[in-house]
Structure formats: C-alpha cells, structure tokens
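kindly generate the corresponding structure for this input.
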Amino acid sequence: MASARDDFAKMKTTTGSMILPDKRVIAFEVSGPEDAEVALLLRPLAGTMALWGAFRERLASRLRVIACDPPGVGGSSEGAFDSTTREMAGDAVRLLDHLRVPRAHVFGLSFGAMIATW
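Have a look, this model is predicted:
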C-alpha cells in the first residue's frame, strides 16, 4: 500500500520565485492537484517553508498547497526586518496574484497566524 509520502514524491512540485515591487524576492513551492482548492501556508518566525514537511504532504493529497519563504528567510532574498505583519500579508497577496490564485485557504502557524489575520 502506498503511503502519503510516496504519493507526494510522485506529485509535481513547482519551485519558483517572485520579485516584489521593492525588488525583494519571495521563494515559493506549489504542490498538489492543479484543479483543487488552494491552501497558502505561512510559516512561524523561526522557520522556512521546509518545516511544513509531512503536514504539507498530507494537505497536498487533496489541496493545491503553496508554501513560501518571505524576504529574509530561506530561499528568498535578504529582507528588511522592520516589515509589519500587514506588509507581509500584502506580500502574500501579491504572491497569490502572481500565481493567479483568486481565493485560498490561509493557514498560519504562530507568527504566520499573525500575518494571516490581515
């Protein structure tokens, strides 16, 4: 019997980056069925998109999952550490617009949840 991890390994994952208007860069990964509803994962303060691991794999079996590293984290460009959660939420919306996603479920963990409230 195939496990969720095996299914995820077979799934197409797209890795990319997006340049924000102020020239900062957001790295992202998209996985899951292309015709499914979308879930955007916003990471906690001390993490990168890699921390979602098995949770993301399980979600991607049913949803199109977008995970990202905001500027200053992981695969993204260096970022200003004086950004507000509202500005970071705006960056997340720009990423969804860039990916042509008109609507998404947003899940944030810890600091990511603060961003999601905007």
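
isn't L63 right up against A36?
Yes - if you go by Cβ atoms under 8 Å, L63 and A36 touch, sitting 5.1 Å apart. Just so you know, the C-beta spots here come from the backbone N, C-alpha and C atoms, and that holds for glycine as well.

dihedrals phi and psi, the residue nearest the centre of the chain?
Nearest to the geometric centre of the chain sits A67, at 2.0 Å (Cα atoms, centre = their mean). The phi/psi pair for A67 (degrees, to the nearest 10) reads phi -120, psi 150.

what sits closest to it if chain neighbours are left out?
Here the nearest residue to A67 in space, its sequence neighbours aside, is M49; by Cβ to Cβ, 6 or more residues apart in numbering that works out to 3.8 Å.

P102 versus that neighbour, what's the distance?
22 Å (Cβ to Cβ, to the nearest Å).

neighbour count: these two, which is higher?
M49 (23 against 7; other Cβ atoms under 10 Å).

more neighbours, L63 and A36?
Taking other Cβ under 10 Å, L63 and A36 do not tie; L63 has more neighbours (18 against 14).

follow-up on the earlier one: quick check, the residue nearest to A67 in contact with I66.
No - using Cβ under 8 Å as the test, M49 is too far from I66 to be in contact (9.2 Å).

which residues are common contacts for those two?
With contacts taken as Cβ atoms under 8 Å, 6 or more residues apart in numbering, the residues that reach both M49 and I66 are F28, E29, L41.

from these, which ones fall inside strands?
Residues of the shared contacts of M49 and I66 located in strands (DSSP state E): F28, E29, L41.

ok, of these, which one's closest to T15?
Taking Cβ to Cβ as the measure, E29 is the one of the ones in strands among the shared contacts of M49 and I66 closest to T15, at 5.1 Å.

hey, what's that closest one bridged with?
Note on E29: beta-bridge partners T15, A67, judged by DSSP bridges.

now it: how far from S61?
Counting by Cβ to Cβ, the separation of E29 from S61 is 16 Å.

so between those two, which is more surrounded?
More crowded of E29 and S61, by other Cβ under 10 Å: E29, with 20 against 15.

quick check, pLDDT for that one.
On pLDDT, E29 comes in at 96.
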